[in-house]
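[1] the sequence isn't on hand, but the structure is:
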Ligand code: IPM
Ligand code: MG
């Protein structure tokens, strides 16, 4: 099976971490019989520098001609002076809109080897294992009308949190299905005590629940959910929420596991699936070979799972990530104050995942031939 992957490394550490993710994908492909054809294209600050636009037409064309898009990160401080509509981040938002993926899956799992660097006490963190399903194409990010107005010398700005029933249904179905494949628990998060869009959200999700009688549905207000995430994260399994709430809660959930650098994400449901680590471009450490590539590698594992339908290969990459951590290898963000473990570079981290993948596969092969 041959898959065409568009690589949008973007800005800052996006470039270094994506390189490692590709390395791991190639190795997993060799072991499990998948062939990848990678094509690079520009997005974000890199695209603005080259063409003046954060998402050039050529980039979109390359993406549409591929099976999946693997993105690094966008954003660079040199463009901070630009208006929001011209900044690198707009490239990512337009990409999401064009590709059409409305369900952004952000798993946050506590690795036992990193329990010491979580901001939570180990007994609170426990075996936290969450999947946030974030609606990605609606709400305040895209709702119309939006803008600035000036009246009687007073400047105002406004955005609109708007959701239609079909927009809520399609993402909720993905969340219910995800819950069926995990522990049959779904928490839908809204602000239905204040917002009309949340009232519709809650009503729609409750109605859909009748089609998924095996899933236990709970509703939470977003403020309470934010609190439960730090006091009792193990009470959650799948969390379904709208765009902005999901943006905020997924950073919170991510850091419980020790570092934002660890988490990958998949955006599905559109024309072409999009895979990207949850972290940003981290300009302060860019180009220093010290960024954590495990979020990008975890995104590559999700690509194997959802686009390539290669569950065995996806699980093997995840096992290799776990082994690397168990063996004490650490990039600076996961070294922790007690500095337990061996400090390694971005590149060494990628190679180390690759090495475990290969070792595990030869171990399996020799086991099969015995
Ligand atoms: C994320 C990021 C993006 C978002 C930014 C970079 C536009 O924070 O993927 O979580 O807000 O969606
Ligand atoms: Mg975010």
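    Thanks, I have the structure now. All values derive from a computational prediction rather than experimental measurement. Numbers count the residues shown, from 1 in each chain. Ligands and ions are numbered 1, 2, ... in the order given.
[2] contacts and neighbour counts: CA atoms only from here.
    OK.
[3] any weak-confidence spans in this structure?
    The chain contains residues with pLDDT under 70 at 364-370.
[4] and the strands in it, which stretches?
    Here the chain has its strands, by DSSP state E, at 2-10, 35-40, 68-73, 103-109, 129-135, 147-151, 154-158, 185-190, 216-221, 238-241, 266-268, 273-275, 329-330, 342-343.
[5] need those in JSON lines (columns: mean neighbour count and distance to ligand 1).
    Shown next, in JSON lines, are those (neighbours: other CA atoms under 10 Å; distance: least, CA to the nearest ligand atom, whole Å):
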{"stretch": "strand 2-10", "mean neighbour count": "22", "distance to ligand 1": "11"}
{"stretch": "strand 35-40", "mean neighbour count": "15", "distance to ligand 1": "20"}
{"stretch": "strand 68-73", "mean neighbour count": "28", "distance to ligand 1": "8"}
{"stretch": "strand 103-109", "mean neighbour count": "26", "distance to ligand 1": "9"}
{"stretch": "strand 129-135", "mean neighbour count": "25", "distance to ligand 1": "10"}
{"stretch": "strand 147-151", "mean neighbour count": "9", "distance to ligand 1": "17"}
{"stretch": "strand 154-158", "mean neighbour count": "9", "distance to ligand 1": "17"}
{"stretch": "strand 185-190", "mean neighbour count": "25", "distance to ligand 1": "17"}
{"stretch": "strand 216-221", "mean neighbour count": "17", "distance to ligand 1": "20"}
{"stretch": "strand 238-241", "mean neighbour count": "28", "distance to ligand 1": "13"}
{"stretch": "strand 266-268", "mean neighbour count": "26", "distance to ligand 1": "10"}
{"stretch": "strand 273-275", "mean neighbour count": "28", "distance to ligand 1": "11"}
{"stretch": "strand 329-330", "mean neighbour count": "22", "distance to ligand 1": "24"}
{"stretch": "strand 342-343", "mean neighbour count": "15", "distance to ligand 1": "27"}
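[6] adding distance to residue 176, write the ones you listed out as JSON lines.
    Listed next are the strands of the chain as JSON lines, based on distance: least, CA to CA, whole Å:
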{"stretch": "strand 2-10", "distance to residue 176": "28"}
{"stretch": "strand 35-40", "distance to residue 176": "31"}
{"stretch": "strand 68-73", "distance to residue 176": "24"}
{"stretch": "strand 103-109", "distance to residue 176": "12"}
{"stretch": "strand 129-135", "distance to residue 176": "10"}
{"stretch": "strand 147-151", "distance to residue 176": "35"}
{"stretch": "strand 154-158", "distance to residue 176": "33"}
{"stretch": "strand 185-190", "distance to residue 176": "7"}
{"stretch": "strand 216-221", "distance to residue 176": "9"}
{"stretch": "strand 238-241", "distance to residue 176": "8"}
{"stretch": "strand 266-268", "distance to residue 176": "15"}
{"stretch": "strand 273-275", "distance to residue 176": "19"}
{"stretch": "strand 329-330", "distance to residue 176": "35"}
{"stretch": "strand 342-343", "distance to residue 176": "40"}
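[7] ok, which residues in the chain are in contact with ligand 1?
    Taking CA under 6 Å from any ligand atom as the contact definition, the chain meets ligand 1 at 89, 247, 278.
[8] any chance of those residues in TSV, plus neighbour count?
    Listed next are the residues of the chain next to ligand 1 as TSV, based on neighbours: other CA atoms under 10 Å:
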residue	neighbour count
89	20
247	18
278	23
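[9] and the residue of the stretch 1-150 of the chain nearest ligand 1?
    residue 89 (5.0 Å; CA to the nearest ligand atom).
[10] for that residue, what are its contacts?
    For residue 89, the contacting residues are 44, 54, 74-75, by CA atoms under 8 Å, 6 or more residues apart in numbering.
[11] from residue 176, how far out is whatever residue of the stretch 101-250 of the chain ends up closest to ligand 1?
    The minimum distance from the stretch 101-250 of the chain to ligand 1, using CA to the nearest ligand atom, falls at residue 247 (4.9 Å). Distance of residue 247 to residue 176, computed by CA to CA, to the nearest Å: 20 Å.
[12] good, we can wrap up now.
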